[in-house]
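In: Would you be able to build a 3D model of this:
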Amino acid sequence: MSGSARYFHQDRLRVPDGAELYYQVQGDGLPGIVLCDGLGCDGFAWKYLSPYLARRHRVLRWHYRGHGSSTVPQDRSRIGMLYTCDDLRRMLDATGMERVVLFGHSMGVQVALEFHRRYAHRVSGLVLVCGSYGNPLDTFHDSTALKRAFPLIRRVVERYPAQSARLIHAMLRTELAVQLAISLEMNRERIARNDLAPYFDHLARMDPVVFVRTLDSMAEHNAWDHLPHVDVPTLVVAGGQDKFTPGWISEEMADRIPGAELELIPDGTHTAPLEAPGLVEARVERFLRERLNVRTGVASPEPLPPGSPPAAL
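Out: Numbering: from 1, shown residues only. Next up, the predicted model:
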């Protein structure tokens, strides 16, 4: 297995309904790894973990429809979980990745679980980070307030898309928005402003109609019934202070998936991979070694100790 992360390729994959999906492949070595983002994200949560994994593995990062550098289909109603899973299957085919370890953060956890339900033969393992098995609006901040408010929010955005985009752009482009998010939702002592700012920059540029339609699909999706049928090694990573997807959801998920392991980061929030990169890297490394028999001998670089910065590429 090669330890080189020098291989890099990026491109767009045009799918049958007209959407062009951005992707990049970096590094080499088996098993291949796919990183699935959260809603409204274009990869910011993988800032440290992605280059770390690419030292030993071929790592695929990609953008959902209407996210990041990917476009929307000609029929803009074709947004949602099932289309996302079909897109991922086509992405694996296009990049020649037959079986992979699926990593999911936030909404990416639902994508990974649903993909396993539909294409189990393409999945060799799951790493589910700070996410839910489904219906996330039911548990956001341990409240149903957002679920009750969402239908009105969606109607407003769908009826006034241009005005909504201007308002969201103006709000999210401010330093106040970033600082409020850090103060209210993240661990201020652990996360750097520069790690969070790309998320707000992307969200400010995103089509709000795509956002609410994707969120609507998430809100209606539930993989609870599938959890007992997950038949691959699974690691669940949770933040003890996560308000978006409270830690008890991850505990339930780990209990219900046969043989799943749980790593709870007590002071971690929804951005735990950015707040405790060394801890997450070390735990993922151990999971891949012990559960998927990934060799980490002298042919590969030694793993960084917890807390170390990612390797320069």
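
In: Provide the secondary structure category for residue 28.
Out: Following DSSP: H, G, I helix; E, B strand; the rest coil, residue 28 is assigned to coil.

In: Over to residue 34?
Out: Following three-state DSSP, we place residue 34 in the strand state.

In: That one is in contact with residue 95, isn't it?
Out: No: counting by C-beta atoms under 8 Å, residue 34 sits too far from residue 95 to count as a contact (9.1 Å). All C-beta spots, glycine's among them, are computed from the backbone N, C-alpha and C.

In: what touches both of the two?
Out: Residues touching both residue 34 and residue 95 by C-beta atoms under 8 Å, 6 or more residues apart in numbering: residue 60.

In: Between the two, which is the more surrounded one?
Out: Per other C-beta atoms under 10 Å, whichever of residue 34 and residue 95 has more neighbours is residue 34, with 27 against 20.

In: For the more buried one, give me its contacts.
Out: Here residue 34 is in contact with 59, 60, 61, 62, 88, 91, 92, 97, 100, 101, 102, 103 (C-beta under 8 Å, 6+ apart).

In: Now go through these and say which are in helices.
Out: For the contacts of residue 34, the ones inside helices are 88, 91, 92, with DSSP state H as the criterion.

In: quick one: the first one from residue 125, how far?
Out: With distances taken as C-beta to C-beta, to the nearest Å, residue 88 is found 15 Å from residue 125.

In: Of the two, which one has the most company?
Out: Comparing residue 88 with residue 125 by neighbour count (other C-beta under 10 Å), the higher total belongs to residue 88, at 25 against 21.

In: Show me what the one helix or strand residue 262 maps to is in contact with.
Out: Element membership for residue 262 (DSSP states H and E) is strand 261-265. Strand 261-265 has contacts (C-beta under 8 Å, 6+ apart) with 234-240, 247, 250-251, 254, 272, 275-276, 279-280, 283, 287, 291.

In: go on, stretch 133-149?
Out: Outside of stretch 133-149, the residues within contact range by C-beta under 8 Å, 6+ apart are 107, 109-110, 113, 132, 150, 215, 218-224, 226-227, 243-246, 249, 252-253.

In: Buried subset of these, written for ChimeraX?
Out: Buried subset of these, written as a ChimeraX selection, criterion 16 or more other C-beta atoms under 10 Å:
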select :107,109,110,113,132,150,215,218,219,221,222,223,226,227,243,244,245,246,249,253
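
In: now, which of the contacts of stretch 133-149 lie within helices?
Out: Counting by DSSP H, the contacts of stretch 133-149 place 107, 109, 110, 113, 150, 215, 218, 219, 220, 249, 252, 253 in helices.

In: Is residue 23 in a helix, a strand, or coil?
Out: Of the three states, residue 23 takes strand under three-state DSSP.

In: From residue 13, how far out is the residue nearest to it when sequence neighbours are not counted?
Out: Closest residue to residue 23 apart from its sequence neighbours, by C-beta to C-beta, 6 or more residues apart in numbering: residue 62 at 4.0 Å. Using C-beta to C-beta, residue 62 is found at 8 Å from residue 13.
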